[in-house]
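> what follows is a predicted protein model with its sequence.
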Amino acid sequence: MRAVMIRIVHATLAAAALSFAWPLAAQQPASTQVTPQDLRDGLKNPTRWITYGGDYGNHRHSPLTQITPANVNRLTPQWQFQTDTLGKFEAAPLVLDGVVYVTGPLDIGWALDARTGRQIWRYRRDLPSGLIACCGLVNRGFGVLGDRLFKTTLDAHVVAISRKTGAIEWDTAMANFQHGYSGTTAPLVVKDKVIVGVAGAEYGVRGFIDAYDAQSGKQVWRFYTTAGPEDPGHGTWRGTDEKAWEHGGGSIWVPGAYDPELNLVYWGTGNAGPDYNGLEREGDNLYTASIVALDADTGKLRWHYQFTPHDIWDYDSTQMPVLADITIGGAARKVVLFANRNGFFYVLDRATGKLIRGKPFIQTSWAKEIRADGRPMMLPNSVPSDEGTKVCPDQSGGTNWMPPSFDPSLGLFFVTARESCGIFFTWKDDYNPGDAFRGGAVQRMGETQFSALRAIDVATGERRWEFPYTAQSWAGVLSTASGLVFAGGSGNVMAFDAKSGKNLWHFQTGSSLYAGAITYMVDDKQYVLMPAGTTLTAFALAEF
């Protein structure tokens, strides 16, 4: 992924909505207070979508059934909202009280009428000059509690915004953006806390996960994703750089999950830094390329599982953890499901972190399998080198930040899978705050790349079905209780039969998909809302 440095003083950005079917609303509907219980309930009220993953388990599986496999071919655009902003959507919109709340590139946010796409308000942040951001000037969405929205910013702040007006209510700095820190994740709101993480591993940051008081914006706790001298994992940082952990990476890109019964939040962490040169940081490099389970009240580590020890391929574990209650071998298990960028699909016990199963869901050449002790069985000739080493997957991984979905009734996990290989090179980079700190590069091998929507049986880890795309896809996934899966590629938003994978419907948006669809109900009509490029399109069944 390409690192970007921009200089922004002021940007006057317009936004427009095109309405196909509905009259413009006169004013914003009255707002209800979102309570912690509302967040725990998730999609029990299916008219809403109030967390990034739909619920705390990140299922992205809606109970709505108005749109079915039998009638999905009648889906038509109802409205479009065009931001007139450079960049692309990677956010999951929130919907509440007939209002869509969505963030876009360059730290802009909007409130839109969910029936028409009419803009109610726009939030725009004046970003500082010298901004450093890796992998796109994007944001992945709002969190919500009470009458406030919360978001991270590209200059490494967390802000609270009025749901009614879009005005700032508090603004707290997480870190110094001039040293490469940035914020792109949507917050995870738990009880009275706004929990977020920081990005910037490609610039040698020390990653962390923070909790902030939702009322005041005051920091409540911090967990560092690279183990310092006070942490039990500190001995996993060795090598020629005695302070490798201080700039060891461990970014956070997407929100975690929450188990209210265990009071644990679960977060995937990013790659170690420098990305491709491990000589300066010998050892496993905890807690990078891992999932960490933290006490939601204190931020204390309850357990961790490292997917890629001593990651030298940029295999961030910044994917979305999915919590599920499933039956394996006749026994009921409470688990974390995780399709990892390293190409393996994992099932972990969510109380202990113990590995239940790890199985590849794409072609992998860096590791053959996951051993019973939870560590990968490495394959020879997979280490980046001066002359270049072919490794599968490439640095974009078997999947990436794009969210999967999980249908509990079918026991199927739907994920955008990427088949790709690359030539990995390594060299020495010196750490300088704010400068790129990769220790190498990757040359993609275009002839080996393709993507597919894959359905994985979570009880066995076997692939149930797949639908290949004609090109690489970065789209997330949504499923519904009526037996549909929404995903796509090459600008096409598509609907599939959840049981068979049959493609039932598609619509060409004209822009690449870098986010997942959501669905909601307003005035007894179910909508499917899909971000594409810098346009939101709302679909519903055509009325004849």
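Looks like it arrived, so ask away. Numbers count the residues shown, from 1 in each chain.

> show me where the stretch 151-300 of the chain has its strands.
When secondary structure is read from DSSP state E, counting those that start in this stretch, the stretch 151-300 of the chain shows strands at 157-162, 168-173, 188-190, 193-197, 208-213, 219-224, 257-259, 264-268, 290-295.

> in CSV: the ones you listed, plus mean neighbour count and distance to Arg333.
For every residue, glycine as well, the C-beta is placed using N, CA and C. Formatted as CSV, the strands of the stretch 151-300 of the chain follow (neighbours: other C-beta atoms under 10 Å; distance: least, C-beta to C-beta, whole Å):
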stretch, mean neighbour count, distance to Arg333
strand 157-162, 22, 35
strand 168-173, 15, 39
strand 188-190, 27, 23
strand 193-197, 27, 26
strand 208-213, 22, 26
strand 219-224, 17, 26
strand 257-259, 24, 13
strand 264-268, 26, 15
strand 290-295, 23, 16
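
> right, and those strands - which one's nearest Val322?
Smallest distance to Val322 across the strands of the stretch 151-300 of the chain (C-beta to C-beta): 6.8 Å, for strand 257-259.

> mind putting the strands of the stretch 151-300 of the chain into JSON lines with distance to Cys135 and mean pLDDT?
Shown next, in JSON lines, are the strands of the stretch 151-300 of the chain (distance: least, C-beta to C-beta, whole Å; pLDDT from 0 to 100):
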{"stretch": "strand 157-162", "distance to Cys135": "19", "mean pLDDT": "98"}
{"stretch": "strand 168-173", "distance to Cys135": "21", "mean pLDDT": "98"}
{"stretch": "strand 188-190", "distance to Cys135": "21", "mean pLDDT": "98"}
{"stretch": "strand 193-197", "distance to Cys135": "15", "mean pLDDT": "98"}
{"stretch": "strand 208-213", "distance to Cys135": "18", "mean pLDDT": "98"}
{"stretch": "strand 219-224", "distance to Cys135": "21", "mean pLDDT": "98"}
{"stretch": "strand 257-259", "distance to Cys135": "23", "mean pLDDT": "98"}
{"stretch": "strand 264-268", "distance to Cys135": "15", "mean pLDDT": "98"}
{"stretch": "strand 290-295", "distance to Cys135": "20", "mean pLDDT": "98"}
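
> and those strands as CSV, adding distance to Thr116?
As requested, the strands of the stretch 151-300 of the chain are arranged in CSV below (distance: least, C-beta to C-beta, whole Å):
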stretch, distance to Thr116
strand 157-162, 22
strand 168-173, 26
strand 188-190, 28
strand 193-197, 30
strand 208-213, 34
strand 219-224, 39
strand 257-259, 33
strand 264-268, 36
strand 290-295, 41
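
> figure out which of those strands is closest to Gly278.
Smallest distance to Gly278 across these (C-beta to C-beta): 16.0 Å, for strand 290-295.

> partner strands of that closest one, parallel or antiparallel?
Sheet pairing of strand 290-295 (DSSP bridges) gives strand 264-268 (antiparallel), strand 301-306 (antiparallel).

> so the last one versus strand 219-224, what angle?
When axes from the mean of the first three to the mean of the last three C-alpha atoms, to 10 degrees is applied, the directions of strand 301-306 and strand 219-224 differ by 30 degrees.

> for strand 301-306, what is the average pLDDT?
For strand 301-306, mean pLDDT rounds to 98.

> for stretch 243-263, how far is the first residue from the last?
Chord length of stretch 243-263, first to last residue, is 33 Å (C-alpha to C-alpha, to the nearest Å).

> gap between Val265 and Pro321?
Using C-beta to C-beta, to the nearest Å, Val265 is found at 9 Å from Pro321.

> common neighbours of these two, please.
Shared contacts of Val265 and Pro321, defined by C-beta atoms under 8 Å, 6 or more residues apart in numbering, comprise 256-257.

> name the element Gly109 belongs to?
strand 108-113 (DSSP states H and E).

> now do that strand: which elements does it pack against?
Counting contacts by 3 or more C-beta pairs under 8 Å, 6 or more residues apart in numbering; DSSP states H and E, strand 108-113 packs against strand 99-103, strand 119-124.

> to Tyr181, which of those strands lies closest?
Closest to Tyr181 of the helices and strands packed on strand 108-113, according to C-beta to C-beta: strand 99-103, at 18.5 Å.

> so what strands line up beside the closest one?
Sheet pairing for strand 99-103, using DSSP bridges, gives strand 94-96 (antiparallel), strand 108-113 (antiparallel).

> run the chain-centre distance for the longest one.
The one in question is strand 108-113. Here strand 108-113 shows a centroid-to-chain-centroid distance of 20 Å under the convention C-alpha atoms, centre = their mean, to the nearest Å.

> would you mind pulling the contact partners of it?
Contacts to strand 108-113, defined as C-beta under 8 Å, 6+ apart, come from residues 13, 15, 17, 24-25, 28, 81, 83, 85, 98-104, 118-125, 139, 142, 149, 151, 161, 163, 166, 536.

> could you do the first one as well?
The list of residues contacting strand 94-96 from outside it, by C-beta under 8 Å, 6+ apart, reads 31-32, 34, 47-51, 100-102, 114, 141-142, 144, 149, 163, 518, 520, 529.
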